[in-house]
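> Provided below for reference: sequence and predicted model.
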Amino acid sequence: MIVCPSCSASLETISRECTTCGFSPEVHEGFECWAPELAFAGDGFNPECFSGLARNEEGHFWFNGRNRLIVWALKKYFSQMTSYLEVGCGTGYVLRGVAENFPAVKLFGSELFVSGLKFASARLPDATLVQMDARKMPYCNEFDVVAAFDVLEHIEDDERALQGLFSAVKPGGGVVLTVPQHAWLWSAVDECACHQRRYSSHDLHKLVKSAGFQIMRSTSFVSFLLPAMLASRVFGRKENAQEIDNSNEFNLHPLLNSIFSSILRLESCLIQLGVNLPVGGSRLLVARKPLAS
């Protein structure tokens, strides 16, 4: 169900115009824009980084390792899903991985910036892609699963965004999240990435439960690489955000990339066996919306 962002009327769909108040989403560069005032000048991320992401995601150990974990979590906890929304889908790299593993699922992706949607559209010609502010989602009980991967940390009012995700999920459906973890890892890299925070498990669990979800699984990942990650943050603390070159995050020697990839594969095996890793650079959380909601 769609909730009109102008008059809050509940509608089966807005096919170009709300029948109550006449609202209709604007269309820019072929995408429906539900928050057009932010489509080209929003905050929380530098849209100029999308081209670098799209160029470097393929083959990078972290993006591939995260994708494997996400697809595994979806298969384990929501194997019967028929509809899926990824909030903040960026260039569509994760969404494409979901599409390859769930070809019968109706896929939706949202992104604050139209420039990101253009990359996602090239990767996912059959998915429905819309421009949207995660704090003002117009959905109510619409999707089996809603996901946000490394998105919440960019949003100052993350509580409001979680409430929007809860509203968008059908009763009995679920949410899958990944976030950066441990405030003591905070560095100029986070500032450069426009992060508002790094989460503790306690704070993330409290936030998710407050929104109404029941936590099914929560584990750290990028755990075995934490010493290397900590060392890079400590040695980089003299840098400021303006001195950070984002491309350096991706420019790994192929041998090192292969070693790191193998380490994340080992971590993924342990997580799939039921081991919850206590610390790590990132956290994966799976939660369900109660049927009685």
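Done, it's in. The structure displayed is predicted, hence computed values, not measured ones.
> what's the lengthiest helix in the chain packed up against?
Longest helix in the chain by number of residues (criterion: DSSP state H): helix 254-272. Here helix 254-272 touches helix 61-77, strand 214-221, going by 3 or more C-beta pairs under 8 Å, 6 or more residues apart in numbering; DSSP states H and E. Every C-beta, even on glycine, is put in place using the N, C-alpha and C of the backbone.
> what ranges do the helices span in this protein?
50-56, 61-77, 93-101, 114-123, 158-168, 188-192, 201-211, 226-235, 254-272.
> in a markdown table: the ones you listed, plus mean neighbour count.
A markdown table is the format used below for the helices of the chain (neighbours: other C-beta atoms under 10 Å):
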| stretch | mean neighbour count |
| --- | --- |
| helix 50-56 | 16 |
| helix 61-77 | 19 |
| helix 93-101 | 20 |
| helix 114-123 | 20 |
| helix 158-168 | 21 |
| helix 188-192 | 18 |
| helix 201-211 | 16 |
| helix 226-235 | 14 |
| helix 254-272 | 15 |
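> nearest to F149, out of those helices?
helix 93-101 (5.5 Å; C-beta to C-beta).
> how about K75, what does it touch?
Neighbour list for K75: N101 [criterion: C-beta atoms under 8 Å, 6 or more residues apart in numbering].
> neighbours around the closest residue to A168 other than its chain neighbours, how many?
For A168, ignoring the flanking residues on the chain, the nearest one in space by C-beta to C-beta, 6 or more residues apart in numbering is Y139 at 3.8 Å. Y139: 20 surrounding residues under other C-beta atoms under 10 Å.
> quick check: the closest residue to I2 other than its chain neighbours vs V279, distance?
In this structure, I2 finds its nearest non-sequential neighbour in L11, 4.8 Å apart by C-beta to C-beta, 6+ apart. The gap separating L11 from V279 is 45 Å, by C-beta to C-beta, to the nearest Å.
> wait, doesn't T13 sit right on I2?
Yes: T13 lies in contact with I2 (C-beta atoms under 8 Å); the separation is 5.8 Å.
> which residues of the stretch 101-250 of the chain score low on pLDDT?
Residue ranges of the stretch 101-250 of the chain with pLDDT under 70: 236-249.
> contacting residues for V71?
So V71 contacts 97-98, 101 (C-beta under 8 Å, 6+ apart).
> which one among these gets closest to H195?
Using C-beta to C-beta, these come closest to H195 at G97, 23.3 Å.
> which residues touch that closest one?
By C-beta under 8 Å, 6+ apart, the neighbours of G97 are 67, 70-71.
> repeat for E57
Contact analysis of E57 by C-beta under 8 Å, 6+ apart lists 63, 91, 93.
> kindly reformat those as a markdown table containing pLDDT.
Output for these, formatted as a markdown table (pLDDT from 0 to 100):
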| residue | pLDDT |
| --- | --- |
| F63 | 96 |
| T91 | 96 |
| Y93 | 97 |
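> what about the most centrally placed residue in the chain, distance to A287?
With distances taken as C-alpha atoms, centre = their mean, F149 lies nearest the centre of the chain, 2.1 Å away. Separation of F149 from A287 (C-beta to C-beta): 14 Å.
> do V222 as well
Counting by C-beta to C-beta - V222 and A287 are separated by 21 Å.
> check W72 too.
16 Å.
> now do the contacts for the residue nearest to G90 when sequence neighbours are not counted.
Nearest residue to G90, sequence neighbours excluded (C-beta to C-beta, 6+ apart): G116, at 5.0 Å. Contacts for G116 (C-beta under 8 Å, 6+ apart) come out as 47, 50, 89-91.
> ok, now A35?
42, 112, 131-133, 136 are the contacts of A35 under C-beta under 8 Å, 6+ apart.
> no more questions from me, cheers.
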